[in-house]
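*Asks:* structure, please.
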Amino acid sequence: MAYKRILEKTALLLFVLALVVVFFAYARLRPAVAPNQGSFIEINGQRIEVELADTPARQARGLSDHPAFTDKQGMLFIFPQKQIQSFWMKEMLFPLDIIWIDGGRVAGSAPDLPPEGQTPKNIYSSPEPVDRVLEVNAGWAERHKVKTGDRVEYHL
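*Replies:* Alright, predicted model coming up:
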């Protein structure tokens with residue numbers, strides 16, 4: 001009888017442990033910032049579904065540890081005022097293009113930026129004060145011929 005009780009307690013303990021492991025695995029693998037359903041922007045007629053980084057917490061997290069995007073996805077950082085914006089590639093899992101945006105126009109870009117792990121050595125800054133920054137897969141800006149002065153349309 002005691003043996004049966006030990007087996008029951010062990011089985012219950014293993015079940016609870018399995019639930020904890022599944023919970024933590026799910027929490028680790030889900031995106032850090034959930035996509036905003038229906039939010040997109042257009043540059044040169046190219047539609048990009050965007051996750052919004054519009055709070056200090058989301059901006060600090062950015063795309064660190066985020067899975068790679070498709071060619072039609074990105075993250076749009078929205079800042080309350082125009083200023084020189086600076087970014088790094090800390091804990092990135094894939095290379096990026098950064099597109100600097102001043103209101104409704106492209107102000108410049110930083111193409112093909114490689115991930116830099118835990119201790120990034122490079123900081124990338126906008127060429128002028130901007131209030132929005134778009135991060136997309138590396139090579140996207142070149143493939144879609146994005147250049148300074150291009151118009152940006154928002155559907156947020």
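*Asks:* for the closest residue to residue 102 other than its chain neighbours, give me the pLDDT.
*Replies:* Among residues not flanking residue 102 along the chain, residue 130 sits closest, at 4.8 Å (Cβ to Cβ, 6 or more residues apart in numbering). Placement of C-beta: from N, CA and C, glycine included. Looking at residue 130, its pLDDT is 98.
*Asks:* distance of residue 130 from residue 84?
*Replies:* 8 Å (Cβ to Cβ, to the nearest Å).
*Asks:* compare those two and say which is more crowded by neighbours.
*Replies:* For residue 130 versus residue 84, neighbours defined as other Cβ atoms under 10 Å are more numerous around residue 130 (23 against 11).
*Asks:* so what's that one bridging to?
*Replies:* On the basis of DSSP bridges, residue 130 is bridged to residue 83.
*Asks:* ditto for residue 101
*Replies:* Residue 101 has these beta-bridge partners by DSSP bridges: residue 106, residue 132.
*Asks:* that one: neighbouring residues, count only.
*Replies:* Neighbour count of residue 101, defined by other Cβ under 10 Å: 25.
*Asks:* what residues are up against it?
*Replies:* 107, 130, 131, 132, 133, 134, 152 (Cβ atoms under 8 Å, 6 or more residues apart in numbering).
*Asks:* switch the cut-off to 10 Å
*Replies:* Residue 101 makes contact with 41, 43, 76-78, 85, 107-109, 126, 130-134, 150, 152, 154, according to Cβ atoms under 10 Å, 6 or more residues apart in numbering.
*Asks:* cool, and residue 133?
*Replies:* Residue 133 makes contacts with 53, 59, 62, 75-79, 85-87, 98-101, 107, 110, 124, 126, as judged by Cβ under 10 Å, 6+ apart.
*Asks:* can we see that at 6 Å?
*Replies:* By Cβ atoms under 6 Å, 6 or more residues apart in numbering, the contact set of residue 133 is 77, 85, 100.
*Asks:* which of those sits closest to residue 93?
*Replies:* Comparing the contacts of residue 133 against residue 93 with Cβ to Cβ places residue 77 closest, at 18.0 Å.
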